[in-house]
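A.B. asks: Turn this into a model:
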Amino acid sequence: MNIPMEKSAIVLPLFYCPPVSWFVAFANATTAYLEQHENYVKGSYRNRCQVAAVNGPQRLTVPLKKGKNQQQPIRDVRIAYDEPWQIRHWRALCTAYGNSPFFEHYAELYEPFFTDKKYEFLWDWNYDLLMVSMDILKLKNPINLTTKYEPFPEGILDSRNAFHSKLITENIDYKPVKYPQVFEDRLGFLPDLSILDLIFCAGRLGI
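C.D. replies: Prediction:
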């Protein structure tokens with residue numbers, strides 16, 4: 001994948017609090033299309049994100065209702081609540097970022113997603129969380145939703161398959177910019193974590 005360094009249009013998958021590289025791609029586009037007609041991709045950022053923990057990157061995964069999610073349209077994938085995963089995710093975020101410089105500024109915007117709200121569909125959960133992060137970062141690029149799954153014309157960068165949680169950062173054309181992280185003194189800088197890491201550690205730092 002080549003994330004454009006000049007303004008263009010881009011089509012992106014919708015993730016759970018996407019990695020910083022996703023936001024870099026978004027910010028460098030004149031307009032973005034969110035793919036809402038793809039099939040769910042197992043093992044991707046669609047239902048997981050990575051944050052910093054004391055021993056290294058920690059994966060937070062939204063459990064899904066049992067079934068053949070891999071063949072399901074992404075808008076039909078349902079979240080499972082058999083286990084109290086929301087409060088576990090929130091506790092993990094509080095443990096990881098409770099002492100970060102901007103946690104107290106933005107935590108209240110995210111907390112309801114983990115303590116009060118319950119979403120039936122993964123897509124809706126991801127979308128509303130994305131809007132919170134977009135607002136914090138003051139990203140105003142136009143967002144469109146795809147009307148069907150199809151090849152995009154020349155001039156629109158197709159990045160639907162460009163991000164995967166099992167790939168390392170170097171597999172995409174993304175050059176991380178360092179910012180202070182909570183556990184950097186013991187772990188070094190951890191690139192391309194969830195946007196939550198950047199927001200809690202650096203606030204509205206430009207991406």
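
A.B. asks: going forward, measure contacts and count neighbours with C-alpha atoms only.
C.D. replies: OK.

A.B. asks: what residue ranges in the chain score low on pLDDT?
C.D. replies: 1-7, 67-70, 164-173, 206-207 (pLDDT under 70).

A.B. asks: which one's the longest helix in it?
C.D. replies: For the chain, the helix with the greatest residue count under DSSP state H is helix 122-137.

A.B. asks: hmm, who's touching it?
C.D. replies: With CA atoms under 8 Å, 6 or more residues apart in numbering as the test, helix 122-137 has contacts from 14-18, 46-47, 74-75, 77-79, 109-110, 113, 119, 140, 195, 203-206.

A.B. asks: gap between the residue found closest to residue 194 once you drop the neighbours it is linked to in the chain and residue 124?
C.D. replies: Closest residue to residue 194 apart from its sequence neighbours, by CA to CA, 6 or more residues apart in numbering: residue 19 at 4.0 Å. With distances taken as CA to CA, to the nearest Å, residue 19 is found 18 Å from residue 124.

A.B. asks: same deal with residue 89?
C.D. replies: Note on residue 89: its distance to residue 124, by CA to CA, is 18 Å.

A.B. asks: for the longest helix of the chain, which positions count as buried?
C.D. replies: Within helix 122-137, the residues that qualify as buried by neighbour count (16 or more other CA atoms under 10 Å) are 122, 123, 125, 126, 129, 130, 133, 137.

A.B. asks: Starting from the helix or strand immediately after that helix in the chain, tell me which strands it pairs with and how they run.
C.D. replies: Using DSSP states H and E, the helix or strand that follows helix 122-137 in sequence is strand 143-145. The strands beside strand 143-145 in its sheet (DSSP bridges) come out as strand 29-34 (parallel).

A.B. asks: can you state the direction angle for the partner strand and helix 122-137?
C.D. replies: 160 degrees (axes from the mean of the first three to the mean of the last three CA atoms, to 10 degrees).

A.B. asks: now strand 29-34: how far from the chain's centre is it?
C.D. replies: How far strand 29-34 lies from its chain's middle: 15 Å, per CA atoms, centre = their mean, to the nearest Å.

A.B. asks: Please enumerate residues in contact with it?
C.D. replies: Strand 29-34 is contacted by residues 4, 6-14, 26, 141-146 when judged by CA under 8 Å, 6+ apart.

A.B. asks: list the buried ones in it?
C.D. replies: 29, 31, 32, 33, 34.

A.B. asks: Just the CA coordinates for that strand, please, in CSV.
C.D. replies: C-alpha atoms of strand 29-34 as CSV (Å, rounded to 0.1, in the frame of the first residue of the first chain):
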residue,chain,number,x,y,z
ALA,A,29,-7.0,12.6,1.5
THR,A,30,-9.4,15.2,0.1
THR,A,31,-12.3,12.9,0.8
ALA,A,32,-12.7,9.4,2.2
TYR,A,33,-15.0,6.5,1.5
LEU,A,34,-15.7,4.0,4.2
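
A.B. asks: just checking, what packs against the following helix or strand past it?
C.D. replies: Sequence-wise, the next helix or strand downstream of strand 29-34 (DSSP H and E) is strand 48-53. Secondary structure elements in contact with strand 48-53, counted by 3 or more CA pairs under 8 Å, 6 or more residues apart in numbering; DSSP states H and E, are strand 56-61, helix 85-97, helix 195-202.
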